[in-house]
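A.B. asks: sequence? don't have it. structure:
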């Protein structure tokens with residue numbers, strides 16, 4: 001009986017270790033390809049600071065791809081087209097969000113069509129994000 005339990009526990013420990021290594025390698029590949037830490041929450045959360053999901057953002061031409069940090073998916077969870085994305089506000093995290101978000105993050109309120117999305121990233125990443133949004137070629141939305 002004892003050996004059977006030990007085998008099961010060792011197998012579970014190996015599975016957990018493999019899962020952690022895979023998540024680490026996925027994150028490393030995304031970071032190496034220009035990824036940056038970017039938390040996100042979708043929709044209105046007036047009066048409630050919950051709903052933040054940790055992720056990694058990555059620019060791909062005219063798209064911003066967002067991958068969940070704790071996911072094995074090879075594809076992004078969300079993709080935003082540059083021309084459809086607009087920033088409506090910028091603020092520091094409120095008192096409740098200070099406990100949820102990484103230190104040094106700022107919150108940007110974004111509009112994607114009818115949807116409101118809030119993203120949180122470091123100050124340098126937010127500057128790069130705003131520069132990427134403004135870097136669209138003039139009249140680029142007319143060229144297809």
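C.D. replies: Now that the structure is in, tell me what you want to look at. All values reported here derive from a predicted model rather than from experimental measurement.
A.B. asks: CA only for contacts and neighbour counts going forward, please
C.D. replies: Fine.
A.B. asks: which residues sit in contact with residue 113?
C.D. replies: 84, 85 (C-alpha atoms under 8 Å, 6 or more residues apart in numbering).
A.B. asks: Next one: it relative to residue 104, how far apart?
C.D. replies: Going from residue 113 to residue 104 by C-alpha to C-alpha, to the nearest Å gives 28 Å.
A.B. asks: helices or strands up against the helix of greatest length in the chain?
C.D. replies: Assignment by DSSP state H gives helix 2-32 as the longest helix of the chain. If contacts are counted by 3 or more C-alpha pairs under 8 Å, 6 or more residues apart in numbering; DSSP states H and E, helix 2-32 sits against strand 55-60.
A.B. asks: Determine how far the last residue of stretch 39-51 lies from the first.
C.D. replies: 10 Å.
A.B. asks: and that stretch, average pLDDT?
C.D. replies: Stretch 39-51 shows a mean pLDDT of 67.
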